[in-house]
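Undergrad: pasting the sequence and the predicted model now:
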Amino acid sequence: MELKSNVPTGPIQEAWDRRKFDFKLVNPANKRKFNVIVVGSGLAGGAAAASLGELGYNVQCFCYQDSPRRAHSIAAQGGINAAKNYRNDGDSIYRLFYDTVKGGDFRSREYNVYRLAQVSVNIIDQCVAQGVPFAREYGGLLDNRSFGGAQVSRTFYARGQTGQQLLLGAYQALERQIGLGAVKMYPRTEMLDLIVIDGVARGIVTRSLFDGKISVHFGDAVILATGGYGNVFYLSTNAKGCNVTASWRAYKRGALFANPCFTQIHPTCIPVSGEYQSKLTLMSESLRNDGRIWVPKTAGDKRPPNSIPENERDYYLERRYPSFGNLVPRDIASRAAKAECDAGRGVGETGRGVYLDFKEAIQRLGKAKIEERYGNLFEMYERITGEDPYKVPMRIYPAIHYTMGGLWVDYNLMSTIPGLFVAGEANFSDHGANRLGASALMQGLADGYFILPYTIGNYLASAKKVTVDANAPEVVEAVSNVESITKKLLNANGTRTVDSFHRELGHIVWEYCGMARNAEGLKKALNLIPQLREEYWKNVRVLGSNEEFNQSLEKAGRVADFFELAELMCLDALNRNESCGGHFREEYQTPEGEAQRDDANFSYVAAWQYQGSGQTPVLNKEPLAFEYVHPSQRSYK
Amino acid sequence: MRIILHIWRQKNAQAKGEMVRYDVPNVNEHMSFLEMMDVLNESLIEKGQDPVAFDSDCREGICGMCGFMVSGKAHGGFPGTTVCQLHMRHFEDGDELYLEPWRAKAFPVVKDLSIDRSSLDRVIAAGGFISAPTGGAPDANAIPVPKRNADLAMDAAACIGCGACVAACPNAAAALFTGAKISHLGQLPQGQPERDRRALAMVEQLKLEDFGNCTNIGECVAACPKEIKIEVIVRMNRDYLKASFTDRPQSLKEVTA
């Protein structure tokens, strides 16, 4: 299959403007004749649904939560990047573009990233106009902070709740459109299949979580903004409900899945405390601005942190990376923490943790300033661990946090199925092999507010308006596919709970396809996962029926898809014989232990094509060209 | 440690509910309350019994999806803590706890501890926004916002929409929730043009949704996991009262139409 990236030609600086001018437009009076389906109500989905509603399209928006305001974008803490250069510290669109391409370890599309950097400035304007209460200085102007992977202060923030405030901005805009009748909202509704007729996306099949009712919704365009697949690891910083089901079922209908092995480990999470643990909690990366990371110099040193003298501490990030210090990108900070713990210098009961210490910052800035910057994070830490981080250093350890991989999309955010668009974390487009901090919020809102409203219009203006017959064989088949999966899960009537399978799958994926991978381990995982999956379908126990509020059944369908995705992730990781960004293959590292890319052989996007159950998917390659930022060994030393 | 739970079981909104007793041995002090519920549900499924339905998502205290009464207190009653962030170290071996869903006419039960809060969304849809369609915004620094206003707006905007305030209120009023949104937007220069209309429309919607009236009891403030202050209700009342006098009558019709 030939992958048409549809990237514009000519100077990158004007590429998006030119493209926008070339787009066809839909006459205002005709917009209401088009139905657009938006699945997901986070930053990308919520912003897209609101903006398309404002434009006059007929929008239907779906989310599995009880309200669109609960999408997991809400949990982002640290901030959102924008190339405003309000600090006069040398920032520019070009620099944000450069940092993002470099931070992504040269595995993203330059034109996409440039556009992202360009619209970043509009996002801040838009959010302020909506009433997002960003942090301000006494003069009334916006405040900024610095973040990992950048040497300028370009991150806008609202205390430690930036994601919440941005999402509420999008949610309020969405509710306004719901109130005006432009958007119809379907909460507690899960998409379970995509309807594709003559190769074009025409609608979705959903299940109401209230009563199990299966419904068909037709749309002239379908947008998936359904987030990432970090929960394949069972323990992650994702919300409990986050899942890959919508994306995965679209993949099985022909959309290509790109770079599934590019997963991001966040360096600053609260360490795991026991087997019962249901999820991991992130501590914002912004803490690394003022906190210093260290471990005892001697392996096995079990003294409490405050009784370890200064000269017996190893501030390993500051030592190894003097110019970026504690602010190195996430993949590097995570691997460094793992290396210290592997060497026996880890702290806490389990030995899987490192200290994040604020003592020096509190002495320098005063407790009040630290409280103002990170108060709610400190409280959250204390609530979970019972320890006071103003007095005792925090213990942190890396955890799965974000997935750079996702459904393949072209420059217009359209997948390989015409009419199916993918936005936000669900697509693969902008972060390459590693996402920089404060860039997820930027990408979600860029896609939703400023890119999809243009590209969807162009698609609808070019496509022929088709009325779909509700009894078309493709529709009937999609509905019966959904019903048969549900039946199969309910009828297995085995002995093990869904969670016990999910936990076991998570262990396998974390062990062999987590922070560090190698060919031997990946092959082992590719053997273990299908065995466990087979047992799942035979031995899972889902009680109750389809026609009721049944949370086990919801989970069971999602875990079934995680099994299949896990296999594809390992396959992709095994194929990529290089290390880049979040994908660290132990066989491919520099003498200093840094990721060793292989640009000659792997400078491409790996887009996998489904071939049917039990068949090995086909790898399609989209070569990456770097005209502006020349690939180099990433160095943060 | 061992915890005894009495949990409200109700199959759906129409069914009659009842309290059922469950024994949860082997609770670890580092577990969160919801992790204890997970452990209970796992054991129920293994015994072939229907697991307890309860809502949760982020489990970080920010999405607002979780929440139920723990022995009469919303989210368990620990300051600034949602039930997903409540850890078992706060309880003693042998404690008997009574779990019930939020009880309010505006929040019908979906199943067991899970409820339908879409009434809160409709209150926001009525006016809890600034009309700023995508695209036309001026530069973000064009309108300075005094730091104090931004901070106060942020204090109010911290509301997670969980509904604990409604559950704790003897009148089942949503005054703290609505006041928080009115205070968030009303303290920013961007929120001024729609300030009157917002207060009128949102308060009007509260009546339509069967929420009760606020009588300034303050239980909501004690229950709020984000520690929203009662001053937001004062602001709501002030904005509503002012708008009732200054807004022309046809506008009121307009907003309720």
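TA: Yep, it's here.

Undergrad: tell me which residue in chain B sits closest to chain A.
TA: residue B:144 (2.7 Å; CB to the nearest CB). C-betas here are computed from N, CA, C, even on glycine.

Undergrad: can I assume that residue is in contact with residue A:138?
TA: No. The pair residue B:144 / residue A:138 is not scored as a contact, 10.0 Å apart, by CB atoms under 8 Å.

Undergrad: ok so, going back, excluding its backbone neighbours, what's nearest the residue of chain B closest to chain A?
TA: residue A:140 (2.7 Å; CB to CB, 6 or more residues apart in numbering or on different chains).

Undergrad: now for the one you found, how many residues are close by?
TA: 16 (other CB atoms under 10 Å in any protein chain shown).

Undergrad: can you pull the contacts of it?
TA: Applying CB atoms under 8 Å, 6 or more residues apart in numbering or on different chains to residue A:140 gives the contacts B:144, B:145, B:146, B:147.

Undergrad: tell me the secondary structure at the second one.
TA: Okay, so that is residue B:145. Under DSSP: H, G, I helix; E, B strand; the rest coil, residue B:145 falls in the coil class.

Undergrad: residue A:136 is in contact with that one, correct?
TA: Yes. Residue B:145 is in contact with residue A:136 according to CB under 8 Å; the separation is 5.6 Å.

Undergrad: which residues touch residue B:98?
TA: Contacts for residue B:98 (CB under 8 Å, 6+ apart) come out as B:6, B:19, B:69, B:70, B:71, B:72.

Undergrad: now intersect those residues with the helices, please.
TA: Using DSSP state H, no member of these sits in helices.

Undergrad: would TSV of those with distance to chain A, pLDDT and neighbour count be doable?
TA: Converted to TSV, the contacts of residue B:98 look like this (distance: CB to the nearest CB, whole Å; pLDDT from 0 to 100; neighbours: other CB atoms under 10 Å in any protein chain shown):
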residue	distance to chain A	pLDDT	neighbour count
B:6	21	98	14
B:19	19	98	12
B:69	18	98	24
B:70	15	98	20
B:71	19	98	13
B:72	21	97	10
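
Undergrad: quick revisit: residue B:144 and residue A:138: which is more packed in?
TA: Higher neighbour count among residue B:144 and residue A:138: residue B:144, with 15 against 9, using other CB under 10 Å.

Undergrad: need the residues that contact the host helix or strand of residue A:506.
TA: Element membership for residue A:506, per DSSP states H and E: helix A:498-513. Helix A:498-513 is contacted from outside by A:232-235, A:261, A:263, A:400, A:521-522, A:524-525, A:528-529, A:532, A:535-536, A:540-542, A:552, A:555-556, A:559, A:562-563, A:566, A:569-570, A:573, B:38, B:42, using CB under 8 Å, 6+ apart.

Undergrad: neighbour-wise, give me the winner out of the contacts of residue A:140.
TA: The residue in those with the most neighbours, by other CB under 10 Å, is residue B:145 (22 neighbours).

Undergrad: what sits against that one?
TA: With CB under 8 Å, 6+ apart, residue B:145 has these contacts: A:136, A:140, B:188, B:189.

Undergrad: the second one should be in a helix, yeah?
TA: It refers to residue A:140. No. Counting by three-state DSSP, residue A:140 is not found in a helix; it is coil.

Undergrad: quick check: which ranges of the stretch 101-250 of chain B have low pLDDT?
TA: Regions of the stretch 101-250 of chain B meeting the criterion pLDDT under 70 cover residues B:248-250.

Undergrad: ok, which stretches of it are helices?
TA: Along the stretch 101-250 of chain B, counting by DSSP state H, counting those that start in this stretch, helices occupy B:118-127, B:147-157, B:164-168, B:175-186, B:195-208, B:219-223, B:231-246, B:249-256.

Undergrad: what helices or strands is the fourth one leaning on?
TA: Meaning helix B:175-186. Where contact means 3 or more CB pairs under 8 Å, 6 or more residues apart in numbering or on different chains; DSSP states H and E, helix B:175-186 is packed against helix B:118-127, helix B:147-157, helix B:164-168, helix B:195-208, helix B:219-223, helix B:231-246.

Undergrad: so how far is the third one off the chain centroid?
TA: This means helix B:164-168. 7 Å (CA atoms, centre = their mean, to the nearest Å).

Undergrad: ditto for the longest one
TA: In terms of CA atoms, centre = their mean, the centre of helix B:231-246 is set 21 Å apart from its chain centre.

Undergrad: could you do stretch A:452-469 as well?
TA: The answer for stretch A:452-469 is 27 Å, by CA atoms, centre = their mean.
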